[in-house]
Structures are given as C-alpha cells and as structure tokens.
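Novice: I need the structure of the sequence given here:
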Amino acid sequence: MGKVDSKFAGTESFDNIKSVKKSVGGHKKNTPISSTNRSYQGEKATSASNSKSSSHFVELTILVWLDASSEKTNDVTQKTMNHFRRVTNIVQAYSDLEKCYQFMSSIQDEKILFVVSGSFGPQILSRIENFDQLYSAYIFCGNKANHIEWSKQYKKIKGIHTQIKDLCDALRYDNNQYDKSITPISILPSAPAIDLNQSNKEFIYLQMLKSILLEIQYDKKFRRELVDFSRQFYLSHEVQLNIIDTFEDAYNLHAPIWWYTRKCFIYKMLRRAFNDQDFELIYKLAFFIRDLHRDIKKSYLQTHNHQYHPISVYRAARMTAKEFEYVEKNHDGLLSFNDFLITTLERSIALKFANKLRNDPNVTVVIYKIDIDPSKSSIPFIALNNLSYVSGANGEILLSMNTIFHMDQIERISDRLYEITLSPANKKDEQVINLVDYMQEMTQGVSGWFRLTRILMDVNEYNQVENIYKYMYDQTNENQREERAFLFHELGYVNDLKNDLLTSIANYQQAIDIYLRYLPANHPTLITTYTNLGSVLEKQGDFNGAVNQYQRALKIEKPDEPDIIYQYNNIASALYQQGKFSEAQQTYEKAVEILLKDFPSAHPIFAETYNNMGGMFYSMRDYTKALGYYEKTLEIEEKSLPENHPSLISTCFNLATTYEALKNNKKAVTYAEKAYEKARTAYGSEHLETKQNLDYLEQLRDKTEIVKL
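Specialist: Residues are numbered from 1 along each chain as shown. As a prediction, this is how the structure comes out:
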C-alpha cells in the first residue's frame, strides 16, 4: 500500500499503525483443579477508563464543613457557605456525622480542609486524626474556651474560631500553603539502555505526552468542550461560573499567562491534572497547556532572549520520606517537573517557606535550586512582573513544563530539609539522546493525534481515545476512504477494549465495507480487520462468525509468514469452544506441520501453538498430553525469552496445575515456586499477578504439607 498524504497519519502507512489483536488463546492460565471457583487470569483493566477521580473532583483541595445547621436553607448558613467558597471552590457540607465520616474516608487524591462545630468535634476527630487526606482541621464554635483542653490532643487542629472572617483567613492561608508546596516530579533512573518498565513508564509517558500536546493543532471545539466539562463541577459556585463564561467568550482578550496566574478554575484543574497524572483531565486541558507554553516561550524570546548572564531560581516543596529516598537513590538520573513552575529569584523567600513546611513532622522539605545559563541552554521562562493577573509578583519566574534536568548536588541543610541543585540536561547528553531515540522509536512515523491515542490507550483512557478518533473522523471527507476505514478499525479496537462488543463489531464491519469499495476482498490490508473482528465475535460467543473471519484472513496470509500460524491458532480456539475437539486438534496439528516445514524449531510461534494445545488438552482433562505440550512450550521459551517474561510465568503456572492434576504434588510445588519467583522479580510483591501465584503456591504447600524453610 502506498504512502499516506494525511495530516493525521504523518508519513506512515495506515497498515503499519493499525491496532492488532492476534491469538485469542494467548498464554491463558489454567484454573487449578483444587480452585475451580477462583480466577487466575492475572491483572486486567476492569473498567473502560482508569481516571483517578476527575469525574468527581477537579481540584487538589476540598473544604468539608460538619455542623448540625450546615444543611439548613437560611441566610446565616448561605452566608457561611459563600465565605467558604471564597476560600476554595469545592465545599461539601454535612449535618450528619456518619455521612461526613464516610465521605472523608472515601477521599484518596485530594486534601481536606476540615471545619467542624464544637459539638461534633470530639466525636469525629478521634476517628479521622490519622487520615492522610486530612490536611488541617478547625473548630468553628460560639465559645472558644469550651474546646481548648480537649482539642490539644489533636495535632491537625490548627485553631478554634468564633468569627467567620478569622476562620476563612486561616483556611485560605492553609490552602495557599498546600498549593505552593505541591511540586510533582518524575525521575528516570540512570541506565545503559532505556526500556518501558514500571519505574520508567511514568517519566517516559509524561515526556511523550507533553511533547505531543505541544505539537497538535486544536480548534475552538476543544475550548467549548473544556467549558462544558468545567461547568458541571462548579454548578453551585457563582464566581467560578462567571469566570468560565468569560473564559468562553473572551479567552483571546487575555494572554494564557494572565489566565494561569489568575488562579481560577483553569489553574486549579491544571494543578490537579499534572499532580495526579490524570490523563483524562490533561487531555481536556490540552489546548490551554499548548497555549500557555507558547505564551511563555514567546514572552521569553521577546524579553530574555538577549540575557547572557546565568541566573538561579528557587522553589520549596514538600514530599514524603519515601519520595525523597527515591530521589536520593536516583540522584544520577534525569528529573522533570510535571507541571508549569512558579519560582522565585530570592533564595531567602524559598528558605522561609521551606521552614514553615518543616513544621509538619511527617514531611521532608526540599529547595530546588535551578541554575539557568542562557549560553548553554534555552529554558523557556518569564518574569511575572507585568504579566501576572495579580500584583506583587516581583521576583517570581514562571518556567514551562518540558525541560529535563540533571541533579548536580543534594545538600542537607538541616533536619528534613535539603537543597537539590538542578541544571538543564544538554541535548548532547547520552541519557537524553537515549531517551529521545526511545520515544521516537515508540511512535515512529506517527503524527501527534495517533501518538496521543497510543499513550492514552496504554493507560486505559479508552473514552478519550474514542473521542479523539471520532474527532479525527469528522475532519475527513468522503474521498479519504483509507483514512476513514482505518479510523473505523481503531474505533472497533477501542470499543472491544471497553467491552462494548456490539459497537466494536459495527465499527469493524464499517471498516470492511469501506475497504471493499476500493480493494479486492483478498487484499492484505484487510487481514488485521478480519482477524480483530473474528476475535470480537468469538468473545461474544458467535464462534461460526469468528471462524468465518479467521478463514478470510487465512486465505490472504502468505504461507511462510508467522501470521498464518496465528490464524490457525485462532480457528482452533473457536472450534474448541464450539465443542468441535477433533477439528480443533486437526487445525492445531496443521499449524505444527507448517511450523516444522517453514520455521526454525526455536521460533516463539512454536511455543504459542504448543501452549494453546496444552490448554486444550488440559480443559479436556487429558493431563498427560497437556503436560507434553507445556514442557515443549517451556523448552522453547527458556531459550527465546527473558527469564522473567510474563509468558514464562504462565507456562510455569500451567505446568504446576497439570502436575497437580496428575497428582505429582512435589513437581507441582516446584513449578509453582518458579512461577511465583518470576512474577515477584518481574512485578514486585504487591502486584496481583504475584499475589495470585503466591496464593496458589501456598495452597499446594498446605495440600502436600510442605513447609518452606
């Protein structure tokens, strides 16, 4: 197929970037005969999206008010609520103690500023004092003297107030302190080569995401969508609703820096999005992220481009002891700030704020000292003197969010207070070169929108991916048949991931209909769509339909290509699920016959096929035959895969279950131990896969009365 001239696809053929589902069988794990009601299929996404909580709150702090009168509709209560809404945009009021407690217990990603009446205070504070989500608490009462003694035992009680103005001043101070102290970072540990393991994933994905967001072109539709999305979270907040209206109607009358420093809804949402890596919220804010970066860069070129002398800027931040330990451990790696960063030229200001943060005994405080030498690097930054919404920004410097740093020095200033000196990583730096090469390799030949969907897909943001594909489709016309067919294919794929099978089938069929308007039915372009449609039909239980699609794909495959074996595996799987065991076995054997003729004996496709045959015979309770095929699978995988590869974990597990079924418990324990150790090394002790393997191992040990020394 020829190259594509498309603003979406870049320079790559659509065939090369299609989402592919291969063998349905894969490396499934057996259900042990002693655990017929337990699933051992590993950790999978259970919902269409894994957004943390942006569907609930879109800011970092919540003010919770517990008072018997808080839900009464009178002037006093309304005035109190209005005062609280001037402190923070999200206010939750409760008159029922248990409902309040349940709500506070459910909060995971936000910090709570808690206001409680004197009568409720002693009843609830003993239950919530140790909540990590509780940032500070205040008693709001009629008589301060009544609550001085009992409140002394609770460290998070910051004050007792009888006047609403004094209370709100204190709450506002807390809210601002917390906002200023949150500085999310990502770290890429130093390594000879870069791979996408769990510790690297956060850093790499954020760098890719930020890079992609800055290159994509957005139209007014994205601002309208953000405005509509935002309004639902501020329905009871008249001030913010008015600002949202102004943002919609007069966005271009002010610079993005002005909107950001106004610290209204857009600032709050942006802080929340980057702090929690809420990909849904980042996507909603994408156009503003791009505009703000461009505004900083433009202002930098106009104002600081001729500045040649080095400067240092400072930012104080809080982190947990565990987070700081990770920073120290990876001091030779790369560091990136996830968010835009407001800093100060005055170290004394940062140090003063750091000492205030250090009053909390549960935090470690760092001062980031960022050295900027314009002769060596060009970090986009801008002094906020005349550009900020608020006055009094003298000495404040706003940095964009796409710079990568080296940690030159970590110096201890005093107990739980450190200074980390950062310098921008040079583009010629070996670590940076490796990172850039890796990121480009991951999305080679793919334009911004497609690169964005790949990242969002990998973090299970399927709803956002679907929205992007629909938007992309709306930008096409009837002459762009190849592009439209591709987009329907991708919509079929993402709907399958969402488990919306009917919509997935409809989209795949739409893709095929478009392809068949300009391609013959046996064109190689259709192989992936036939195969993916077959897998969805199989998932739905339409095995005849699935076999039909797999056979259509099989007729197109080249005899000496590995994909032909995947088609045989797919057909055999569907036949087996229909109860056509003999036909399934014959199909697998046909695959093996082709393999022995055309492929080297250690080719991974042998292991795939033998594994599937082992699974079939295990389900048929022919455990001796299953064992033979699993042993062949293991022999090939040990030669061709890394020692802790997920397929090896599954194969060892399946060998354990097969030996258990053959009543050879000693061998069963041996392979269960191997599966557990490989899972623990690959995923860590807390991963569901590791826990499931340990669970099964302990069952076997209990069964055979073997105690691990």
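Novice: Show the contacting residues for Leu456.
Specialist: The contact partners of Leu456, taken as CB atoms under 8 Å, 6 or more residues apart in numbering, are 279, 283, 462, 464-465, 468. The way it works is simple: take the backbone N, C-alpha and C, and place the C-beta from them, glycine included.
Novice: The helix or strand hosting it: how far from the chain's middle?
Specialist: Using DSSP states H and E, Leu456 maps to helix 448-458. Offset of helix 448-458 from its chain centre (CA atoms, centre = their mean, to the nearest Å): 12 Å.
Novice: Next, the buried residues of that helix.
Specialist: The neighbour-count check on helix 448-458 (16 or more other CB atoms under 10 Å) flags 448-457 as buried.
Novice: circling back to that earlier point, give me the subset of the contacts of Leu456 that lies in helices.
Specialist: Counted as lying in helices by DSSP state H, out of the contacts of Leu456, are 279, 283, 462, 464-465, 468.
Novice: so which of those is the most crowded?
Specialist: Val465 (29 neighbours; other CB atoms under 10 Å).
Novice: my read: that one touches Asp458, true?
Specialist: No: using CB atoms under 8 Å, Val465 makes no contact with Asp458, being 10.0 Å away.
Novice: Give me the pLDDT for the residue located most distally from the centre of the chain.
Specialist: Distance from the C-alpha centroid of the chain, by CA atoms, centre = their mean, peaks at Ala145 (48.7 Å). The pLDDT attached to Ala145 in the predicted structure is 94.
Novice: That one belongs to a helix, doesn't it?
Specialist: Yes: remark: Ala145 belongs to a helix, assigned using DSSP: H, G, I helix; E, B strand; the rest coil.
Novice: What is the least confident helix or strand in this structure?
Specialist: helix 430-442 (a mean of 72; mean pLDDT, DSSP states H and E).
Novice: just the CA coordinates of that one, formatted as CSV?
Specialist: Extracted C-alpha coordinates of helix 430-442, given in CSV (Å, rounded to 0.1, in the frame of the first residue of the first chain):
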residue,chain,number,x,y,z
GLU,A,430,23.9,10.5,26.4
GLN,A,431,20.9,9.9,28.7
VAL,A,432,18.9,12.5,26.8
ILE,A,433,19.9,11.1,23.4
ASN,A,434,18.8,7.6,24.6
LEU,A,435,15.5,9.0,25.8
VAL,A,436,14.7,10.9,22.7
ASP,A,437,15.7,7.9,20.5
TYR,A,438,13.5,5.6,22.5
MET,A,439,10.5,8.0,22.4
GLN,A,440,10.9,8.4,18.6
GLU,A,441,11.1,4.7,18.1
MET,A,442,7.9,4.1,20.1
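Novice: and it, what does it pack onto?
Specialist: Applying 3 or more CB pairs under 8 Å, 6 or more residues apart in numbering; DSSP states H and E, we find helix 430-442 packed against helix 198-215, strand 334-337.
Novice: re the thing from before, which of the buried residues of helix 448-458 lies closest to Asp702?
Specialist: Lowest distance from Asp702 to the buried residues of helix 448-458 (CB to CB) belongs to Met457, with 40.9 Å.
Novice: tell me the contacts of that closest one?
Specialist: 19, 465, 494, 497.
Novice: one step back: do you know which of the helices and strands packed on helix 430-442 lies nearest Tyr566?
Specialist: helix 198-215 (27.4 Å).
Novice: what's that closest one in contact with?
Specialist: So helix 198-215 is contacted by 186-189, 194, 196, 277, 279, 282, 286, 289-290, 293-294, 334, 336, 338, 401-402, 404, 435, 438-439, 442-443, 448, 451-452, 455, 458-459, 683-684 (CB under 8 Å, 6+ apart).
Novice: Just the CA coordinates for it, please, in PDB.
Specialist: The C-alpha trace of helix 198-215 is given here as PDB (Å, rounded to 0.1, in the frame of the first residue of the first chain):
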ATOM      1  CA  GLN A 198       7.200   0.300  35.600                       C
ATOM      2  CA  SER A 199       9.800   2.700  37.100                       C
ATOM      3  CA  ASN A 200      10.400   4.300  33.800                       C
ATOM      4  CA  LYS A 201       6.900   4.400  32.400                       C
ATOM      5  CA  GLU A 202       5.700   7.500  34.300                       C
ATOM      6  CA  PHE A 203       8.700   9.600  33.200                       C
ATOM      7  CA  ILE A 204       8.700   8.500  29.600                       C
ATOM      8  CA  TYR A 205       4.900   8.800  29.100                       C
ATOM      9  CA  LEU A 206       4.800  12.200  30.600                       C
ATOM     10  CA  GLN A 207       7.600  13.500  28.400                       C
ATOM     11  CA  MET A 208       5.900  12.000  25.300                       C
ATOM     12  CA  LEU A 209       2.500  13.400  26.400                       C
ATOM     13  CA  LYS A 210       3.900  16.900  26.900                       C
ATOM     14  CA  SER A 211       5.800  16.800  23.600                       C
ATOM     15  CA  ILE A 212       2.700  15.600  21.700                       C
ATOM     16  CA  LEU A 213       0.300  18.100  23.300                       C
ATOM     17  CA  LEU A 214       2.600  21.000  22.200                       C
ATOM     18  CA  GLU A 215       2.600  20.000  18.500                       C
END
